[in-house]
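**Q** Need a 3D model of the following:
(one chain, ligands or ions: 2)
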Amino acid sequence: MHIPLIDISPLYQETETANKFSVAQAIDKACQESGFFYVTGHPISQQRIIEMRQLAEQFFSLPAEQKQKISIKFSNNHRGYGETAAEQLDPNQPTDWKESFDMGLNLAPDHALVGKDRPLYGPNQYPESIADFQEKMERHYWDMLALGKKILSAIALALDIDETFFDDKFDHPLSVLRFLHYPPRVKQENNAQPIGAGAHTDYGCITILWQDELGGLQVQDVNGQWVDAPPIADSFVINIGNMMARWSNDRYKSTPHRVYSPSGKERYSMPFFVEPDFDTNISCLPNCKPENEEPKYQPISAGDWMIYCFNATYAYRNDAEKS
Ligand SMILES: O=C(O)CCC(=O)C(=O)O
Ligand SMILES: [Fe+2]
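**A** Ligands and ions are numbered 1, 2, ... in the order given. Model prediction:
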């Protein structure tokens, strides 16, 4: 399996239409073949990545009780700290060996969009003891969302739909910026490498992943073999999620991937999940099915789709104690 490296800088040059189109075609091809590609030539600086990594390290090294104070268990909208083993991405494997911090669009509890009908909207939970934590997270959130929308504009171009098609679908995005920390772990008895994150597909539209220099991300090819997707300097790994596979009538592939965390070493990563507004109608995109055929899937709202996927993964959401 080939995971291409695509220089997306032409997407930022308004006049270079031909180059823009060849980037769009390269992205479209990768999304159809492996569902994975790397991007370079994006506007997120190395300095910013270093800053965000330091912030993640600072956060995860807080005392356990401070992290527990903002546990995702206390959130109605899936924000905050997830302790090690809270998540089980592959139901056939032990729980994942990672801790997490999730943040998204920060809406006050009395905001008109917040309520029972749209359970993924609401406030973030931030640690009190790290200076400028909220500001730094939110600045990075909006910059990553802008990158996500740029990639979506290239997908629109490739599909021969209006380049701005996705723009108005991100007024109140469900997008999530996530810190992950895979603590060091000893090798198992059978000498199998420990699993950091079990095999899974992502739920949403597209994922933009930064991973540290250790590597460990693996992508499944069509024969079921695991192929390394090592870190490449100044790049992000982009992959298609289930919502986009559905939206594109399966033109695009949502491909299983997993993380093997090398024993004895800790690993950091930072996925950004690009998800549209809760009420976005996910029904077959233009030009994604033959004219005389029906779409493969029924329309569903982006929010209902995400809730359906979340409920299948997180132990705490299925906990009888939490109604
Ligand atoms: O940590 C990584 O490199 C990947 C994590 C991942 O696949 C996910 O959170 O969906
Ligand atoms: Fe993933």
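**Q** Find the nearest non-adjacent residue to Gly104, please.
**A** Spatial nearest neighbour of Gly104, excluding adjacent residues (C-beta to C-beta, 6 or more residues apart in numbering): Val176 at 4.7 Å. Glycine gets a C-beta too; all of them are placed from N, C-alpha and C.
**Q** For the one you found, give me its contacts.
**A** By C-beta atoms under 8 Å, 6 or more residues apart in numbering, the residues touching Val176 are His78, Asp102, Met103, Gly104, Phe272, Phe273, Glu275.
**Q** What strand or helix carries the second one?
**A** Which is Asp102. Element membership of Asp102 [criterion: DSSP states H and E] is strand 99-104.
**Q** Helices along the stretch 101-250 of the chain, start to end?
**A** Here the stretch 101-250 of the chain has its helices, by DSSP state H, counting those that start in this stretch, at 133-158, 242-247.
**Q** Quick check: what element follows the shortest one along the chain?
**A** Translated: helix 242-247. Taking DSSP H and E, what comes next after helix 242-247 is strand 257-260.
**Q** Contacts for that following strand next, please.
**A** Outside of strand 257-260, the residues within contact range by C-beta under 8 Å, 6+ apart are 36, 89-90, 98, 182, 193-201, 216-220, 226, 229, 239, 267, 269.
**Q** List buried residues within those.
**A** Neighbour counting by 16 or more other C-beta atoms under 10 Å classes 36, 89-90, 98, 182, 194-201, 216-220, 226, 229, 239, 267, 269 among the contacts of strand 257-260 as buried.
**Q** if we look at ligand 1, which of the residues you listed are close to it?
**A** Ala197, Leu217, Ser269 (C-beta under 6 Å from any ligand atom).
**Q** of all those, which comes closest to ligand 1?
**A** Ser269 (3.4 Å; C-beta to the nearest ligand atom).
**Q** how near is that closest one to Ala156?
**A** Ser269 sits 28 Å away from Ala156, going by C-beta to C-beta, to the nearest Å.
**Q** before we move on, back to that, from the helices of the stretch 101-250 of the chain, which stretch is densest packed?
**A** Of these, the one with the most neighbours on average (mean count of other C-beta atoms under 10 Å) is helix 242-247, at a mean of 24.
**Q** If you tally nearby residues, what's the number for the residue nearest to Phe101 when sequence neighbours are not counted?
**A** Ranked by C-beta to C-beta, 6+ apart and with sequence neighbours excluded, the top spatial neighbour of Phe101 is Phe179, at 4.3 Å. Number of residues near Phe179 (other C-beta atoms under 10 Å) recorded here: 22.
**Q** quick one: the strands in the stretch 1-150 of the chain?
**A** In the stretch 1-150 of the chain, the strands defined using DSSP state E, counting those that start in this stretch lie at 5-7, 36-40, 80-82, 99-104.
**Q** Can you tell me what sits against the strand holding Asp102?
**A** So strand 99-104 is contacted by 56, 59-60, 67, 72, 77-84, 86-87, 120, 124, 126, 137-138, 141, 173-181, 183 (C-beta under 8 Å, 6+ apart).
**Q** Buried among these? Need that as a selection in PyMOL.
**A** Remark: buried members of the contacts of strand 99-104, expressed as a PyMOL selection using 16+ other C-beta under 10 Å:
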select buried, resi 56+59+60+67+72+77+78+79+80+81+82+83+86+87+120+124+126+137+138+141+173+174+175+176+177+178+179+180+181
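**Q** For the closest residue to Asn242 other than its chain neighbours, which residues are in contact?
**A** Leaving aside its sequence neighbours, Asn242 sits nearest to Ser254 (C-beta to C-beta, 6+ apart; 4.7 Å). Ser254 sits next to Gly35, Thr201, Asp202, Asn239, Ile240, Gly241, Asn242, Met244, Ala245 when contact means C-beta under 8 Å, 6+ apart.
**Q** cool, Thr280 as well?
**A** Lys169, Ser301, Ala302.
**Q** re the thing from before, I'd like to know which of the strands of the stretch 1-150 of the chain is closest to Ser261.
**A** The closest of those to Ser261 is strand 99-104. By C-beta to C-beta, the value is 11.9 Å.
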